[in-house]
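Student: could you work out the structure for the sequence below:
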Amino acid sequence: MADRLAQIAGHLQSGKLLQNQVAIITGSAQGIGAECARLFAEEGAKVIISDIDASKSQATADAINKAGGKALAVPGDLLKQEYIEELVKKAADFGNGKIHIIVNNAGYTWDGVIHKMTDKQWDNILDLHGKAPFRLIRAAAPYFRVTDGERRNIINISSTSGMHGNAGQANYSMAKAGVSGLSKTIAKEWGPKFGVRANTIAFGHILTRLTQAKEKGAFVVGPDGEKIALGIPTAPASAAAEAQANADIALRRPGTATEAASAVLAVASPLFDYVTGQTIMVTGGRNM
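Tutor: Numbering: from 1, shown residues only. Prediction:
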């Protein structure tokens, strides 16, 4: 215990909360994931940018490296097992044989009401938000099930949809509820002997592609090349409408990507060393 406290004190004295940590962050070419990568790098971590968009992945890594951080872009499709194996190998090589943190952040929504939702919509979203995080954690197990005295933790990103449900998002709600159970199971399996922490962060209304006006035309390309529209239809058209839309948020505004990423950094840091198996709500007071 004394050694562990001394290690934490060293991190805090250096001013780098994640000094010498190696972190895989999925979906980190843009949005919350990119902000996580930037903040982690500023706090001393080596970050691996995992995203399906190769050009944006490299641009994010280049920006971090230019700012004095350490980042490696490893783009690919998380729905493919061979990519996950490549991602873990390259991350371990980048980290000189070690991986300390996984942030399972990648994903998007493919909405539809229950009676109109297709099997493809259902399977795609559950695979992306459920199976892919599980496969990545399983592939990285040899780097987490170790007793070398170093901190390791896994953060799975969820949503208020997973905690409370959301009309039009049966697939997304089920997948996001599932990762909370996954985190708790990891905490119980890998905590006692290996000291691995595993937590879930459930975001509320954060300003990203998934919550902007659908009319802006953002989209992702689905498993068979189809364009999947992102965003919320008929977004508020006036200040009054926007205020009404945020009326159920105690802080009366949506959160920013930086605020969301800051919460991830906090959970990944030694400041949360005695927190595991929890679902932490980052919602500005929504759904209290």
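
Student: residue closest to the middle of this structure?
Tutor: In the chain, the residue lying closest to the centroid (Cα atoms, centre = their mean) is Asn105, at 2.3 Å.

Student: where does pLDDT dip in the stretch 101-250 of the chain?
Tutor: Scanning the stretch 101-250 of the chain with the threshold set as pLDDT under 70 gives 209-219, 222-227, 229, 231-241.

Student: run the last query once more with 90
Tutor: Confidence mapping of the stretch 101-250 of the chain against pLDDT under 90 gives the ranges 208-247.

Student: helices of that one, start to end?
Tutor: Here the stretch 101-250 of the chain has its helices, by DSSP state H, counting those that start in this stretch, at 119-126, 132-139, 141-144, 160-164, 170-194, 239-245.

Student: helix or strand right after the last one?
Tutor: Spelled out, that is helix 239-245. Per DSSP states H and E, helix 239-245 leads on to helix 257-268 as the next helix or strand towards the C-terminus.

Student: after that next one, next one along is what?
Tutor: strand 279-282.

Student: follow-up on the earlier one: the residue nearest to the centre of the chain: what's it in contact with?
Tutor: Ile25, Thr26, Gly27, Ser28, Ile32, Gly33, Cys36, Ile157, Val264 (Cβ atoms under 8 Å, 6 or more residues apart in numbering). For the C-beta atoms, the positions are set from N, CA and C on the backbone; glycine is no exception.

Student: quick one: which of those residues sit in helices?
Tutor: Taking DSSP state H as the definition of helices, these contribute Ile32, Gly33, Cys36, Val264.

Student: tell me, how many residues neighbour the first one?
Tutor: Okay, so that is Ile32. Using other Cβ atoms under 10 Å, Ile32 has 28 neighbouring residues.

Student: try Gly15
Tutor: Neighbour tally, Gly15, other Cβ under 10 Å: 10.

Student: would you check that Gln121 makes contact with Trp110?
Tutor: Yes - applying Cβ atoms under 8 Å, one finds Gln121 in contact with Trp110, separated by 4.8 Å.

Student: residues shared between the contacts of those two?
Tutor: Shared contacts of Gln121 and Trp110 (Cβ under 8 Å, 6+ apart): Asn171.

Student: for stretch 87-98, buried residues please.
Tutor: Within stretch 87-98, the residues scored as buried using 16 or more other Cβ atoms under 10 Å are Leu87, Val88, Lys90, Ala91, Ala92, Phe94, Gly95, Lys98.

Student: let me know the closest of these to Asp51.
Tutor: Closest to Asp51 out of the buried residues of stretch 87-98 is Leu87 (10.6 Å), distances taken as Cβ to Cβ.

Student: so that closest one sits in a helix?
Tutor: Yes - counting by DSSP: H, G, I helix; E, B strand; the rest coil, Leu87 falls inside a helix.

Student: for it, give me its contacts.
Tutor: Applying Cβ under 8 Å, 6+ apart to Leu87 gives the contacts Ile24, Ile48, Ser50, Val74, Gly76, Leu136, Ala139.

Student: how near is Gln169 to Ala177?
Tutor: 11 Å (Cβ to Cβ, to the nearest Å).

Student: Lys188 now?
Tutor: Distance from Lys188 to Ala177, by Cβ to Cβ: 18 Å.

Student: before we move on, what about Val74?
Tutor: Separation of Val74 from Ala177 (Cβ to Cβ) stands at 29 Å.

Student: can you give me the neighbour number for Arg252?
Tutor: Neighbours of Arg252 using other Cβ under 10 Å come to 12.

Student: can you check Met281 too?
Tutor: If we define neighbours as other Cβ under 10 Å, then Met281 has 19 of them.

Student: from what I see, it and Asn287 are in contact.
Tutor: Yes - Met281 is within contact range of Asn287, at 7.1 Å (criterion: Cβ under 8 Å).

Student: where do the contact lists of the two overlap?
Tutor: In contact with both Met281 and Asn287: Thr160, Met163, Gly204, using Cβ under 8 Å, 6+ apart.

Student: tabulate those (TSV), appending distance to Ala41 and neighbour count.
Tutor: As requested, the shared contacts of Met281 and Asn287 are arranged in TSV below (distance: Cβ to Cβ, whole Å; neighbours: other Cβ atoms under 10 Å):
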residue	distance to Ala41	neighbour count
Thr160	28	19
Met163	30	19
Gly204	26	22
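
Student: most neighbours among the ones in helices among the contacts of Asn105, which one?
Tutor: Tallying neighbours with other Cβ under 10 Å puts Cys36 at the head of these, with 31 neighbours.
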